[in-house]
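J.: compute the structure for the input listed below.
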Amino acid sequence: MHNWILRLVMAFSFLWRRLGADPGQLQTILWAKLTIDDRRPTVGFAQRQRASNKPVKNRGIATIVTSLLMGAVYILICSKLGDTFTSLAMYFLLFMVLLSLTLISDFTYVLIDSKDNFIILPRPVNAQTILLSRLLHIFIHLGKIVVPMSFPGFIYFWVITGFYGAVLFGVAALLATLICIFLINAVYLVILRFTTIERFKDAIGSIQIVFSVLIFILYYFGPRMARQMNLSEAVLLGHRYTYVAPPMWLAALWEVARHPQGQSLTLLCLGAAGLFLPPLCIWAVVRFLAPQFDRKLGGLGGGSAKKVRKKSSEGRKPLYQVMSGLLTRGNAQATGFEVAWLLSGRSRDFKLKVYPSFAYIIVYFFYFSLNMNKVRGQSYLGYLAGTRSYILLIYLSSFALITSITYLVYSDKYKAAWVYYASPLKVPGEVLMGAVKAMMAKFFLPFYGVVMVFSLIVWGPSVLPDMLLGLINVTWFGVLMGFIYLRRLPFSAPFNVQAGSGRFLKNLFILGVPGLTGLAHYLLRKYMTAPYALWIFIVLALGLAWLIYGRYKELSWTELDYI
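T.: Have a look, this model is predicted:
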C-alpha cells in the first residue's frame with residue numbers, strides 16, 4: 001500500500017526540491033519508514049503476533065480498517081441524538097478523545113523516534129531532507145488514522161445535510177486533528193519537563209493501559225448508558241459549562257458556516273474559537289513546543305542516568321525486602337521473591353498485560369450484577385446486600401493472580417536468565433515458589449483487601465468467614481496454577497516461545513477451577529445452614545494449600561519446561 005502513497009508524495013517533487021530536500025533520498029527514507037510501519041506489531045496485539053512467530057505485514061491496511069470501524073461507531077452513537085449541533089459536538093468529542101488516545105498508544109514511536117540521529121545523520125543527507133522526511137512520515141501516519149476515521153462522518157453528513165455540509169464537516173475534522181496534535185505535544189512536554197526519559201516511557205505505557213481499560217468499559221457499558229440517557233432529547237448548547245470544550249467550538253463553526261444568518265452571539269463566538277484557535281495551537285507547536293520537544297528527544301538515544309536512591313539515615317529496608325523476610329523461608333525463595341517483585345515493576349510488557357486485569361475484574365462484576373438486578377425502584381447497593389454476589393467478586397479477583405502468574409515467565413531480556421543455571425541451586429521449586437508469593441503479595445493481596453473492605457460495607461461482618469475461605473481457595477489455586485503452568489523460571493522465556501500440545505487443556509483447567517470452586521462455595525452457603533460447616537471447609541482448604549505448596553517448592557530441574 002505504501003507504494004501508491006509514495007507516488008502521491010513524490011508527485012510534489014518540485015516542491016520538495018525548492019524546500020532544499022533531495023527527492024531521491026527523501027523517497028528512499030520514506031520507503032524505509034513506511035516498510036517498517038507495515039511490519040511493526042500493533043500495540044494491543046504485539047504479544048499475540050510475536051507468539052505466532054510470523055512476520056507482520058500489511059499493518060497499514062489494518063490501521064485503516066480499524067479507524068474506519070471506529071468512525072462508523074461514532075456515527076451510530078450520534079445518529080441517536082436529537083439535533084444536528086448536539087450530534088456534531090458528540091461526534092467530535094468521541095473523535096478527539098479516541099484519536100488522542102490512539103495516537104499516544106500507537107503513534108508514540110513516530111513522535112519520539114530518534115533513530116534518524118544515528119542512522120541517517122552520519123550519511124551525506126542534508127538536514128532539510130531529514131526534517132521533511134520526519135514531517136511527511138508523521139503526516140502520512142496521521143492520514144492513515146484520521147481520513148478513514150472521519151470518512152463515515154463525511155458520508156453521513158453528506159446524506160443528511162448535503163455536499164456543502166459534508167465539506168464543512170471535513171474542515172472541522174481537520175481542525176479537530178490540529179487540536180489533538182497540540183494537546184499531545186503539550187502533554188509530552190509537560191511529562192518530559194518533570195521526569196526522566198525512562199519514566200516518560202513508563203508514563204506512555206500507563207496511558208496505553210488507561211486506553212485499553214477505557215475501550216473495555218465502553219464495550220460493556222456504552223450500550224447500557226446510551227439506553228438510559230435518552231440521547232434523543234439531549235441538547236448541549238443550553239449548558240454553559242460545555243462552552244470551554246473544543247468539540248463545542250467545532251460544532252458551532254459548522255452551524256455558523258452552514259447557516260450564517262440570524263445566529264446568536266454565543267454561537268458566533270464559539271464558531272470563531274473553532275476557526276482561529278486550532279491554527280493558533282499549531283503555530284504554538286511549531287514556534288515553541290516542537291523545538292523544546294526535539295531538544296528533549298536528543299536524550300532518548302543516549303539514555304538517562306537514573307538517580308541512585310540514597311539510603312535513609314535510619315537504615316530502613318525497601319518494602320519488597322520487608323515482605324520477602326516475612327513471607328519466604330530460605331535464600332532461594334527470597335531471591336525468587338525479590339527478582340519477581342522488582343522485574344514485574346520494571347517490565348513495560350508485563351505491566352501492560354497485568355495491570356488492566358484489575359479494572360477488568362471490577363467491570364465484569366458490576367456488569368454481571370447489574371444484569372442480574374431485575375428489581376425496579378431499588379438502589380443498586382440495596383439490591384447487592386440481598387444477594388450472595390460477594391462470592392462472585394471473591395473468585396473473579398483470582399484472575400488478577402492468574403494474569404500475573406501467566407506473564408511472569410516472559411521477558412524481552414530472557415537471555416539474562418543464565419544466572420539461574422549458573423547458581424548452586426539444588427531445586428528450582430524454591431525460586432518458583434518465591435516468585436508466586438511475590439505475585440500474591442504485590443498484586444493479589446492488596447486488591448483482595450479492597451474487595452474485602454467493599455464486601456464488609458455492603459454485606460456486613462457476616463461475610464468474613466466467606467472472605468477467609470475465598471482467600472485460602474485462591475491461594476491454593478494460585479500455587480496449583482504455578483505447579484501446572486509456571487514451570488519456567490521467572491522472566492526466562494521469550495514472548496514467541498512455542499506453546500506445548502497440552503496448552504489448551506491447561507488454559508481450560510485454569511479458567512474452570514475458579515468457576516467450579518466458586519460454584520461449590522455458593523452451593524455450600526445456600527444449602528448448608530450449619531454454622532460450623534464453613535469452618536470445616538476452611539480447614540480442608542488449608543490442608544490442600546499446604547500439600548500443593550510442599551509439592552511445588554520441591555519441583556526439580558528435570559521437571560522444568562525448557563525452551
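
J.: for the protein, which helix is longest?
T.: When the chain is parsed with DSSP state H, its longest helix is helix 127-161.

J.: gap between that helix and the chain center?
T.: In terms of Cα atoms, centre = their mean, to the nearest Å, the centre of helix 127-161 is found 24 Å from the chain centre.

J.: who are the packing partners of that helix?
T.: Counting contacts by 3 or more Cβ pairs under 8 Å, 6 or more residues apart in numbering; DSSP states H and E, helix 127-161 packs against helix 2-10, helix 23-39, helix 59-78, helix 84-106, helix 108-111, helix 116-119, helix 163-194. Heads up, the C-betas are built off the backbone N, CA and C, glycines and all.

J.: adding mean pLDDT, mean neighbour count and distance to residue 247, write those out as TSV.
T.: Listed next are the helices and strands packed on helix 127-161 as TSV, based on pLDDT from 0 to 100; neighbours: other Cβ atoms under 10 Å; distance: least, Cβ to Cβ, whole Å:
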stretch	mean pLDDT	mean neighbour count	distance to residue 247
helix 2-10	82	14	30
helix 23-39	83	17	29
helix 59-78	80	17	11
helix 84-106	79	22	4
helix 108-111	60	17	23
helix 116-119	70	14	35
helix 163-194	82	18	8
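
J.: so which of the ones you listed is nearest residue 513?
T.: The closest of the helices and strands packed on helix 127-161 to residue 513 is helix 84-106. By Cβ to Cβ, the value is 33.4 Å.

J.: so who does residue 425 touch?
T.: By Cβ atoms under 8 Å, 6 or more residues apart in numbering, residue 425 lies in contact with 332, 431.

J.: which segments of the protein make up each domain?
T.: 2-302, 319-559 (automatic domain parsing).

J.: mean pLDDT lowest where, among the ones you listed?
T.: For the domains of the chain, the stretch scoring lowest in mean pLDDT is domain 2-302; its value is a mean of 75.

J.: which ones are touching the most centrally placed residue in the chain?
T.: Nearest to the mean C-alpha position of the chain, counting by Cα atoms, centre = their mean, stands residue 209 at 2.4 Å. Counting by Cβ under 8 Å, 6+ apart, residue 209 touches 351, 352, 355, 356.

J.: kindly provide the distance from the first one to residue 518.
T.: Noted for residue 351: a distance of 27 Å to residue 518, by Cβ to Cβ, to the nearest Å.

J.: where's residue 337, which helix or strand?
T.: helix 331-346 (DSSP states H and E).

J.: now the element after that helix, going C-ward?
T.: helix 348-372.

J.: who are the packing partners of that next one?
T.: Going by 3+ Cβ pairs under 8 Å, 6+ apart, helix 348-372 lies up against helix 46-51, helix 197-228, helix 331-346, helix 380-385, helix 389-396, helix 398-406.

J.: and the closest residue to residue 416 other than its chain neighbours, how many residues sit next to it?
T.: Closest residue in space to residue 416, ignoring its immediate chain neighbours: residue 491 at 7.8 Å, by Cβ to Cβ, 6 or more residues apart in numbering. For residue 491, the count of nearby residues is 24 (other Cβ atoms under 10 Å).

J.: cool, residue 161 as well?
T.: By other Cβ under 10 Å, the burial measure for residue 161, its neighbour count, is 15.

J.: ok, it - contacts?
T.: Applying Cβ under 8 Å, 6+ apart, we find residue 161 in contact with 84, 258.

J.: distance of it relative to residue 250?
T.: 15 Å.

J.: again with residue 443
T.: Applying Cβ to Cβ to residue 443 and residue 250 gives a distance of 42 Å.

J.: who has more neighbours out of the two?
T.: Neighbour count, other Cβ under 10 Å: between residue 443 and residue 250, residue 250 has more, with 32 against 20.

J.: distance of the residue lying closest to residue 256 once chain neighbours are set aside relative to residue 264?
T.: Distances taken as Cβ to Cβ, 6+ apart place residue 271 nearest to residue 256, at 3.7 Å, with adjacent residues excluded. The gap separating residue 271 from residue 264 is 10 Å, by Cβ to Cβ.

J.: do the same with residue 215
T.: Taken as Cβ to Cβ, the span from residue 215 to residue 264 is 37 Å.

J.: with neighbour numbers in mind, choose between these two.
T.: More crowded of residue 215 and residue 264, by other Cβ under 10 Å: residue 215, with 15 against 11.

J.: can you give me the helices for the stretch 451-563 of the chain?
T.: With helices called from DSSP state H, counting those that start in this stretch, the stretch 451-563 of the chain shows them at 464-484, 503-527, 533-552.

J.: burial-wise, tell me which of the ones you listed comes out on top.
T.: helix 464-484 (a mean of 21; mean count of other Cβ atoms under 10 Å).

J.: rewinding a little: show me the contacts for the residue nearest to residue 416.
T.: Counted by Cβ under 8 Å, 6+ apart, residue 491 has contacts 339, 340, 343, 347, 408, 409, 410, 411, 413, 414, 416, 417.

J.: what about the closest residue to the first one other than its chain neighbours, how many neighbours?
T.: Yep, that's residue 339 we're talking about. Nearest residue to residue 339, sequence neighbours excluded (Cβ to Cβ, 6+ apart): residue 490, at 5.8 Å. The tally of other residues near residue 490 (other Cβ under 10 Å) stands at 28.

J.: these two touch, right, residue 213 and residue 359?
T.: Yes: with contact defined as Cβ atoms under 8 Å, residue 213 reaches residue 359; the gap is 4.3 Å.

J.: any idea how far residue 135 is from residue 95?
T.: For residue 135 relative to residue 95 (Cβ to Cβ), the value is 23 Å.

J.: about what we covered before: residues in contact with the residue nearest to residue 339?
T.: Going by Cβ under 8 Å, 6+ apart, residue 490 touches 336, 339, 340, 343, 408, 409, 431, 432, 435.

J.: now, among these, which is nearest to residue 449?
T.: Of all the contacts of residue 490, residue 340 has the smallest distance to residue 449: 20.0 Å, by Cβ to Cβ.

J.: tell me how far that closest one lies from residue 325.
T.: 15 Å.

J.: higher neighbour count, these two?
T.: residue 340 (27 against 11).

J.: list the contacts of the more buried one.
T.: 408, 434, 435, 438, 439, 490, 491.

J.: look up how far residue 350 lies from it.
T.: 10 Å.

J.: list residues touching both of these two?
T.: The contact sets of residue 340 and residue 350 overlap at residue 408 (Cβ under 8 Å, 6+ apart).

J.: isn't residue 480 up against residue 551?
T.: No: applying Cβ under 8 Å as the test, residue 480 and residue 551 come out as separate, 9.4 Å apart.

J.: I'd say residue 130 and residue 122 touch.
T.: No: between residue 130 and residue 122 no contact is recorded; they are 11.2 Å apart, counting by Cβ under 8 Å.

J.: who's more crowded, the two?
T.: residue 130 (19 against 8).

J.: how far away is that one from residue 39?
T.: 22 Å.

J.: do residue 416 as well
T.: 26 Å.

J.: likewise for residue 183?
T.: Distance from residue 183 to residue 39, by Cβ to Cβ: 29 Å.

J.: with residue 462 instead?
T.: Per Cβ to Cβ, residue 462 is found 58 Å from residue 39.

J.: go on, residue 85?
T.: From residue 85 to residue 39 the distance is 44 Å (Cβ to Cβ).

J.: ok, residue 455 next?
T.: Taken as Cβ to Cβ, the span from residue 455 to residue 39 is 48 Å.

J.: cool, and residue 131?
T.: Counting by Cβ to Cβ, the gap from residue 131 to residue 39 is 24 Å.

J.: same deal with residue 246?
T.: 35 Å.

J.: can you check residue 484 too?
T.: 36 Å.

J.: which residues touch residue 401?
T.: For residue 401, the contacting residues are 439, 440, 443, 444, 474, 477, 478, 481, by Cβ under 8 Å, 6+ apart.

J.: again, but for residue 343
T.: 350, 411, 490, 491.

J.: right, and the first one touches residue 409 too?
T.: No: here residue 350 lies out of contact with residue 409, judged by Cβ under 8 Å, at a distance of 10.1 Å.
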